[in-house]
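Chemist: Curious how this folds, go ahead:
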Amino acid sequence: MKYLFLLISTITFAQQTKFVDFKSVSGQVTINPEEKSVSGAVRYWFDVLKPIDTIKIDAQNMTFSKVERNEKKIQFTTNGKQLFLIYPFKKGKNTISFEYKVIPKQTLYYVGSEATNNLQIWTQGQGKYTCNWFPSFDDVNEKIIFNLKVVFDSKYQVISNGVLQNKEEHNNSTYWKYTMQKPMSSYLLMLAIGKFNKKTEYSKSGIPLEMYYEPKDSVKFEPTFRFSKRIFDFLEKEIGVKYPWKIYKQIPVRDFLYAGMENTSATLFSSRYVVDSTGFEDRNYTNVNAHELAHQWFGDLVTAENGKNHWLQEGFATYYALLAEKEICGDDYFYSKLYEYAQELKQASKTDTIPILNPKASSLSFYQKGALALHVLREGIGEKKFKKAVRNYLKKHSFESVNTQDFFAEIKKISNYDLDNFSKVWLESSDFNSQIINDLLLKNKSIQTLSEINELRNKPLSEKVEFFAETLHSDVYFSVKDAIVYQLKNESFEDSKVLLILALETGNVQVRQAVASILTKIPKEFRTQYESLLNDKSYQTQEIALYNLWNNFPEHRIEYLDKSKNWIGFNDFNLRTLWLSLALSTPSYLVNKEILTQELIDYSSPNFEATTRQNALEKLIAFHLINNAVLKNLVNATTNPMWQFSKFGRDNIRALLKNQEMRVSFQQILLNLDEKEKFQLNRLLKE
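Modeler: Numbering: from 1, shown residues only. Next up, the predicted model:
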């Protein structure tokens, strides 16, 4: 009988939204960083539309108590994935309340520790994963008004969706109460805890823009959040629909799984984008900033009803981010990015056979192809009509779920544009029509020149050197000059010397970086010119140049090491870890090698964030500076929540295990590992 009940429950829940309309939820959660547990009390308000005997709430691995309907206990059961509320529910208003506890296996992550004074706790619920820490709904079509009270140590800052209604202190704990006024999908619920400072600006429309940062990064605040207010004001005007929430927050967190995430009213983004003015040249938050903010309309205000329509979120966010960057960086930047997208898609279409209107489509399709499709549509119906259609689409479906036909319906009201053909070409086919894009992009003079240069790719240098020189002398956009430099990669130095010097003389950081990248073998007569790259205001250029000079000119190694001994680089210590590796690999360099080795090993430990650790481990492995501490830190990497870093750990362990001595060393450290580390290493040893 039990199994029959579960079968019936599963079937009926497929249509639960037709029977039950959840309106709002109020929750109080307490986070225990030692147990890594969450305990809470939750109350849902909902309307029963049609009689139903079982209601389901998604809840992964949770235990429940005090389950009540309208203040009276009711029967319930769980299957490890859902909470089933068993009661003959009749039409009308109801409440459900309960208490729960869980140790989340995913979605809520702990980085650092209280012991090392660098604890951060943050969530990433993209898709359907919030139910790992808060009982909620995997179905994105179930939209609810969330109100959350969070209990935590008063020494920390706690951030959640919506407006901070009040903050109360009780017995060394603080209660932060956040409230929302409008409904949203459960996957957009967020939490971030850490020792943050913040600065607040206000948009032209009066929305508070709260920007958070770690105290140690106060000097990086301006470059990190540069253009934030400008982007907000631009998007609100460009989209033509007022920002849908009462506040907007941006919080950088360590070891974040992705570049950023558009939780309703609060974006979390990777701390790798926390940069100073020099770092800004190579790696900045501008595009991620604009992309995640655009999602507040496209994804949060209106949400794609299923994976098939995912492009309505990612394609729109990608395109509107580019429009915001166009406002800041100009037309040449905008068209060069669209051209870059087109080249990537043209190449990918040779093997990618899944169209946009398929939940299994690639990120390249959802994001870049979706953005190009919108550009084609905007150009096809005209900017004024496009804006009107988007505005009407957002207003009509605010706080609802949408599909592609909902968007098309608004275009049909104002234009006779052939949407059937548009859909077949851009959304239903895996082919990439580069001709349509080229015709649109070639309106831009820089793209015209770039196209000419690419067409000359297979021509002898002698036939294009004059044109290349003329272009490098011109004020054409830097990406065009980049393309020239990369065509010189396989040419002899004698033939390309004049052009390389011209490229350096442009003074453009990116063009000079291209020269640094292609010349891994530096001719002696070009050493002085190449050394000038060490002075560029670019941590990436300095890293490339320092390594290549050290590698090419052993007789000058001490000179290069002395020049760069105080370099740090990005917040991932890219220059410092490189310097340590080179210093340790230069026998004639008189430094305390033991101290330097320990510093580099420390950077690979869990005391630092994943990007720093990966930089250090890459150098330690490449320069054969491997001991048991390094191996232990490499194994620990496999347990990190940041999938790129955990994959890096697994891949490098697999490579090292091919060496029998390394295999023995790994086996010897097994006893000193924790349970998660042992599990990962044992699995790799058995492969």
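Chemist: what's the nearest residue to S336 if we skip its chain neighbours?
Modeler: Setting aside the residues directly before and after it, S336 is nearest to S479 in space (CB to CB, 6 or more residues apart in numbering), at 4.4 Å. For every residue, glycine as well, the C-beta is placed using N, CA and C.
Chemist: Can you give me every residue that contacts the one you found?
Modeler: With contact taken as CB atoms under 8 Å, 6 or more residues apart in numbering, S479 is in contact with D332, S336, Y339, E340, S446, L450, Q510.
Chemist: and the most centrally placed residue in the chain, what is it in contact with?
Modeler: The centroid of the chain falls nearest to A259 when counting by CA atoms, centre = their mean (1.8 Å). A259 makes contacts with F269, S270, Y273, V288, H291, as judged by CB under 8 Å, 6+ apart.
Chemist: Quick one: residues contacting the closest residue in space to the third one that isn't next to it in sequence.
Modeler: Leaving aside its chain neighbours, Y273 sits nearest to Y285 (3.9 Å; criterion: CB to CB, 6+ apart). For Y285, the residues meeting the contact criterion (CB under 8 Å, 6+ apart) are T224, F225, R226, F269, Y273, V274, V275.
Chemist: Help me confirm that the first one comes into contact with E214.
Modeler: In other words, T224. No - T224 is beyond contact range of E214, at 10.7 Å (criterion: CB atoms under 8 Å).
Chemist: Out of the two, name the residue with the larger neighbour count.
Modeler: T224 (24 against 19; other CB atoms under 10 Å).
Chemist: Excluding covalently adjacent residues, which one is nearest to the more buried one?
Modeler: Closest to T224 by CB to CB, 6+ apart is V274, at 5.0 Å.
Chemist: ok, now V253?
Modeler: Using CB to CB, 6+ apart and skipping the chain neighbours, the partner closest in space to V253 is W122 (4.5 Å).
Chemist: measure the closest residue to S265 other than its chain neighbours to A41 for me?
Modeler: With sequence-adjacent residues excluded and distances taken as CB to CB, 6+ apart, S265 is closest to W245, at 4.1 Å. Distance, W245 to A41, using CB to CB, to the nearest Å: 25 Å.
Chemist: next structured bit after the strand or helix carrying K23?
Modeler: If you go by DSSP states H and E, K23 is part of strand 20-32. In the C-terminal direction, the helix or strand that comes right after strand 20-32 (DSSP H and E) is strand 37-48.
Chemist: mind listing what that following strand pairs with, with the direction of each?
Modeler: strand 20-32 (antiparallel), strand 92-102 (antiparallel) (DSSP bridges).
Chemist: Including mean pLDDT and mean neighbour count, could those strands go into TSV?
Modeler: Formatted as TSV, these follow (pLDDT from 0 to 100; neighbours: other CB atoms under 10 Å):
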stretch	mean pLDDT	mean neighbour count
strand 20-32	97	18
strand 92-102	97	18
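Chemist: Tell me which of those sits nearest to K385.
Modeler: Minimum separation from K385 across these (CB to CB) falls at strand 20-32, 35.3 Å.
Chemist: what's the closest one in contact with?
Modeler: Contacts of strand 20-32 (CB under 8 Å, 6+ apart): 37-49, 52, 55, 89, 108, 121, 133-134, 136-137, 142, 144-152, 175, 183, 191, 193.
Chemist: Over to stretch 553-570?
Modeler: Taking CB under 8 Å, 6+ apart as the rule, stretch 553-570 contacts 272, 275, 279, 282-283, 522, 524, 527, 534, 539, 542-543, 546, 549-550, 575-576, 578-579, 582-583, 586, 588-589, 611.
Chemist: got the buried residues for that stretch?
Modeler: F553, R557, Y560, L561, K563, S564, W567, G569, F570 (16 or more other CB atoms under 10 Å).
Chemist: Keep only those of these that are in strands.
Modeler: Per DSSP state E, strands hold no members of those.
Chemist: want to throw the residues you listed into JSON lines with pLDDT?
Modeler: Converted to JSON lines, the buried residues of stretch 553-570 look like this (pLDDT from 0 to 100):
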{"residue": "F553", "pLDDT": "98"}
{"residue": "R557", "pLDDT": "98"}
{"residue": "Y560", "pLDDT": "98"}
{"residue": "L561", "pLDDT": "98"}
{"residue": "K563", "pLDDT": "98"}
{"residue": "S564", "pLDDT": "98"}
{"residue": "W567", "pLDDT": "98"}
{"residue": "G569", "pLDDT": "97"}
{"residue": "F570", "pLDDT": "96"}
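Chemist: Make CSV from these and add distance to S24 to it.
Modeler: Formatted as CSV, these follow (distance: CB to CB, whole Å):
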residue, distance to S24
F553, 68
R557, 66
Y560, 63
L561, 62
K563, 61
S564, 57
W567, 53
G569, 47
F570, 43
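Chemist: of all these, which comes closest to Q60?
Modeler: For those, the nearest to Q60 is F570 (35.9 Å; CB to CB).
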